[in-house]
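In: from the sequence below, what's the structure:
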Amino acid sequence: MHEAGDGRVTRASVLAAHLPGADDAETGSGLPEVTQAFFGSAEHHGIYREPTFQSMLLRLLLRPLPRPLPREASASERPSEPVTPQLQGG
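Out: Here you go, the predicted structure:
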């Protein structure tokens, strides 16, 4: 077990790096990303000292933001001629 982990489980095992698609995933994980989570602790402030909580929090905070997909404008959205403002006056 000469691999990073918490002493009980290796990082590759926790990330399910052995599952199909893990090599192609941005996160290196064979599991889908967590979208919502609830963390609890018997001691109210004790959770902040937990290495697992710290690791998950850092991972969420430091991961890159997803890039928006490029959107191509449809023909009806493209202006056929440049739009110039018209002044009303007299």
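
In: residues in contact with stretch 58-76?
Out: 26, 27 (C-beta atoms under 8 Å, 6 or more residues apart in numbering). All C-beta atoms are positioned from the backbone trio N, CA, C, and that covers glycine.

In: average pLDDT across that stretch?
Out: What stretch 58-76 shows for mean pLDDT is 75.

In: then stretch 9-28?
Out: For stretch 9-28, mean pLDDT rounds to 77.

In: how about stretch 36-48?
Out: For stretch 36-48, the mean pLDDT works out to 72.

In: quick check: phi and psi at residue 58.
Out: Main-chain torsions, residue 58, degrees, to the nearest 10: phi -60, psi -40.

In: gap between it and residue 23?
Out: Counting by C-beta to C-beta, to the nearest Å, the gap from residue 58 to residue 23 is 23 Å.

In: tell me where this protein has helices.
Out: Using DSSP state H, the helices found in the chain span residues 11-14, 51-62.

In: which positions in the shortest one come out as buried?
Out: Across helix 11-14, burial judged by 16 or more other C-beta atoms under 10 Å covers 12, 14.

In: deepest of the helices of the chain, which one?
Out: Comparing the helices of the chain by mean neighbour count (mean count of other C-beta atoms under 10 Å), helix 11-14 ranks first with a mean of 14.

In: what is it packed up against?
Out: Taking 3 or more C-beta pairs under 8 Å, 6 or more residues apart in numbering; DSSP states H and E as contact, there are no helices or strands that helix 11-14 lies on.

In: for the helices of the chain, give me CSV that also has distance to residue 27.
Out: Listed next are those as CSV, based on distance: least, C-beta to C-beta, whole Å:
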stretch, distance to residue 27
helix 11-14, 12
helix 51-62, 8
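
In: residue 36 is nearest to which of these?
Out: helix 51-62 (11.4 Å; C-beta to C-beta).

In: tabulate the CA atom coordinates of that closest one in CSV.
Out: As requested, the backbone C-alpha atoms of helix 51-62 are provided in CSV (Å, rounded to 0.1, in the frame of the first residue of the first chain):
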residue,chain,number,x,y,z
PRO,A,51,-8.9,15.1,7.5
THR,A,52,-11.7,13.7,5.3
PHE,A,53,-13.8,16.8,5.6
GLN,A,54,-10.7,19.0,4.9
SER,A,55,-9.8,17.0,1.9
MET,A,56,-13.4,17.1,0.4
LEU,A,57,-13.7,20.9,1.2
LEU,A,58,-10.3,21.6,-0.5
ARG,A,59,-11.2,19.5,-3.5
LEU,A,60,-14.5,21.3,-4.0
LEU,A,61,-12.9,24.8,-3.5
LEU,A,62,-9.8,24.2,-5.7
